[in-house]
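*Asks:* All I have is the shape, not the residue letters:
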């Protein structure tokens, strides 16, 4: 390729091919439908922000990973690395225009200059929903219900929302006399599923939490009962004596009651003492979505309550509760569960072009079948019939229609290998309809 | 705001508020539906590319406007400034995986560091559809049909596709003996609507096109007849003697026949000698969408045929035909035509939270009305009824429902100011349905 520029994408970036892009879009539409059914509206924010808006908000790691540069006007700018910091800036900037409680969702790309590795990309899509400016069980229960509903609507099998409350955990830390060790202890608890009690004990020991304190902490993640009621009773025994712990247990009870009232099946939401979300700045409920059938996949989404969304930009205190749907893992799960079949291509139709002569009849046939609700493409050049069928096969189309000069439509179901004839375009469309 | 960071967006960038974002999304969904009905699939490409991939592809102006910088790994990278250059790179890179003819659409943001001015932004969304790897009238007619169908589906009033062919124009240049002046002459013809015959004569004169040559050129944009047939007859008289001109006229006739066969109304596509798309590298048909009712708005979309999409990256010659939908002008037009009403909020429901006590009944009511297909939000805190209604008003919701402790649902149509009662949640949903 002398003189040519090599066509390549940057490390950690990738193109999305039509089949995957279509599957992703269907997933987005489903999620948007759920969010909108709860009164959440979409927003968008710029990909580029002043670097000072983004810097220092996601920790040192995020700062190092930011795509930051100087623009043509000498401003320090950066590509957003999540949708939460832009939301905080957005809400602070537009406070007076927004109706609070403010419900928004946002689906869009974010950029992180991470070392590329399997399944990790430098550009990926996030999907967040948040309720800003409301506190209490009704707000929390709404978010948990919507979170559970989102996975149900996607048709992912075996999703369970694992729910806990930071106040319960903080009560535990106070009872154990180690409130200053919160970060390390919460991160240790988060690893319970992976490393088990002995691993957590080692993590605690490394953080100088030993003896009775360690015993109290270790009793907690092990306390889950067979039902939410049993787990909450255990919470009460372990932390109910502490005012913060008490508050957390009461909150969980209230949230569960409302989630049930919203029609979410009891099995879909489980109180789980091992959920701590140690890396996030949550202050109330915390939750994750897990796949019971694919536990190795880890969380496919998570969320919680925070005290003050936009404190860096405004003096107005804006508490909120929200979640992120883990799109890439979900796509992976849906693919493994065979639920990513191309809905469009399952109905895709090719109308062949005559090998010679006028394609006007083919165009009219295509228009009629399209009007009947099928995606229809006319082969755009007068090529050999076999070439056209090879194309249909490569693209994975379901049906081929060929107009006979006598007006008959010859049809073929390419998946079943069955042929049929129809006297008119409308009759051909009716034939297709019986087959999908 | 001592110690606070000012919440602001970069010059030329902006947030999209929920009402506009929802309207835009509905527009995207409509366009996607049309594209998919013609067998086009979505793709996505990275926002960031190697700078060498993008540089020099859109002319000097684009290079200057590119957001280009060095990434953490020392690579020169840049944000894409259109979706065409990434398509060329994509097709060259994935040639072996794609089924040709390749039909794709792409809706996504692009970035240009233009001087910000009214209606011009540094980040905006483009919407492109292209058919790659096919030549001839069937391919051209498919793209023109889909282009016309897209505007019809959006419900924009008074859209006309103005169609011409570069070969006709090149024939004209040859007949006038000025093929070397193509760029300047085509740009002059493009201004016909704005500056009229005298203005175009001055432009030609500035390009040293005068006398008989100027006369021949000026006769062309003035030759449009009352029907496409009449205009094509005039084309034939003016350029039919030239082989290239002849080819163009024949192609236009063939395209129009197929567009008609596809069911596009004749009035929706007009052959128009003043369309030249002088700034673009087209080689065959060229077209624009114009609003007859708002001619001052200029084109709301455009496209054409090109010879070789990806010649910079591959030796494979890939001819194509495609278009861009002018989203921002279209949104403006739809807004002026009163067609941007918030479909969601027209059906939006608030279920009030009891001023004191348990909201479980409200949650169950909300879930039932949501299941009936309405977007429903529960007010998430126990506030005064008047406060909750003020929120509903500010957000522009259509209905309010309040559960009486005796089980009756009190409803209010907030737009019509009418009240109604219903004995159950289902009866309340039925009431709402009669009103939308």
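*Replies:* Thanks, I have it. Keep in mind that this is a model prediction, so the values were computed, not measured. Residues are numbered from 1 along each chain as shown, chains lettered A, B, ... in the order given.

*Asks:* most centrally placed residue in chain A?
*Replies:* Centroid-nearest residue in chain A, with CA atoms, centre = their mean: residue A:325, separated by 2.6 Å.

*Asks:* and residue A:232, how far is that from chain B?
*Replies:* Applying CB to the nearest CB, to the nearest Å, the value for residue A:232 to chain B is 17 Å. Where C-beta positions appear, they are placed from N, C-alpha and C, glycine not excepted.

*Asks:* same question, residue A:268
*Replies:* Distance from residue A:268 to chain B, by CB to the nearest CB: 14 Å.

*Asks:* tally of neighbours for that residue?
*Replies:* Residues lying near residue A:268 (other CB atoms under 10 Å in any protein chain shown) number 18.

*Asks:* Ok, residue A:75 next?
*Replies:* Residue A:75: 14 surrounding residues under other CB under 10 Å.

*Asks:* so it sits right up against residue B:12, yeah?
*Replies:* No. In this structure, residue A:75 is not within contact of residue B:12 by CB atoms under 8 Å, at 10.9 Å.

*Asks:* could you point out which element follows the lowest-mean-pLDDT helix or strand in chain A?
*Replies:* Ranked by mean pLDDT, DSSP states H and E, the weakest helix or strand in chain A is helix A:59-65, scoring a mean of 82. Sequence order places strand A:68-70 as the next helix or strand after helix A:59-65, per DSSP states H and E.

*Asks:* and that next one, is it in reach of chain B?
*Replies:* Yes. Contact between strand A:68-70 and chain B, assessed by CB under 8 Å from any CB of the partner chain, occurs at A:69-70.

*Asks:* Which secondary structure elements does that strand sit against?
*Replies:* Contacts defined by 3 or more CB pairs under 8 Å, 6 or more residues apart in numbering or on different chains; DSSP states H and E place strand A:68-70 against strand A:76-79, strand B:68-70.

*Asks:* what's the neighbour count on residue A:237?
*Replies:* Look at residue A:237: counted by other CB under 10 Å, it has 11 neighbours.

*Asks:* ok, now which ones touch it?
*Replies:* Shown here is residue A:237, whose contacts under the criterion CB atoms under 8 Å, 6 or more residues apart in numbering or on different chains are residue A:223.

*Asks:* That one sits in which helix or strand?
*Replies:* Take DSSP H and E as the rule and residue A:237 turns out to sit in helix A:228-239.

*Asks:* what's the answer for residue A:20, then?
*Replies:* helix A:18-37.

*Asks:* Are that helix and chain B in contact anywhere?
*Replies:* Yes. Helix A:18-37 is in contact with chain B by CB under 8 Å from any CB, via A:18-19, A:21-22, A:25, A:29, A:32, A:36-37.

*Asks:* Roughly how far does residue A:53 sit from chain B?
*Replies:* Taking CB to the nearest CB, one finds residue A:53 at 6 Å from chain B.

*Asks:* sec struct for that residue, please.
*Replies:* Recorded secondary structure, residue A:53: helix (DSSP: H, G, I helix; E, B strand; the rest coil).

*Asks:* Show me which residues of stretch A:393-402 are buried.
*Replies:* A:395, A:397-402 (16 or more other CB atoms under 10 Å in any protein chain shown).

*Asks:* Would that stretch count as contacting chain B?
*Replies:* Yes. Contact between stretch A:393-402 and chain B, assessed by CB under 8 Å from any CB, occurs at A:394-395, A:397.

*Asks:* got those residues as JSON lines, with secondary structure columns?
*Replies:* Listed next are those as JSON lines, based on three-state DSSP:
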{"residue": "A:394", "secondary structure": "helix"}
{"residue": "A:395", "secondary structure": "helix"}
{"residue": "A:397", "secondary structure": "coil"}
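
*Asks:* Considering those residues, which is situated nearest to residue A:87?
*Replies:* The nearest member of these to residue A:87, counting by CB to CB, is residue A:395 at 39.9 Å.

*Asks:* burial of residue A:198, as a residue count?
*Replies:* Neighbour count of residue A:198, defined by other CB under 10 Å: 9.

*Asks:* How about residue A:282?
*Replies:* Using other CB under 10 Å, residue A:282 has 23 neighbouring residues.

*Asks:* Now do stretch A:123-140: distance from first to last residue.
*Replies:* This stretch, stretch A:123-140, spans 31 Å end to end (CA to CA, to the nearest Å).

*Asks:* can you tell if it touches chain B?
*Replies:* Yes. Judged by CB under 8 Å from any CB, stretch A:123-140 comes into contact with chain B through A:123, A:131, A:134-136, A:138-139.
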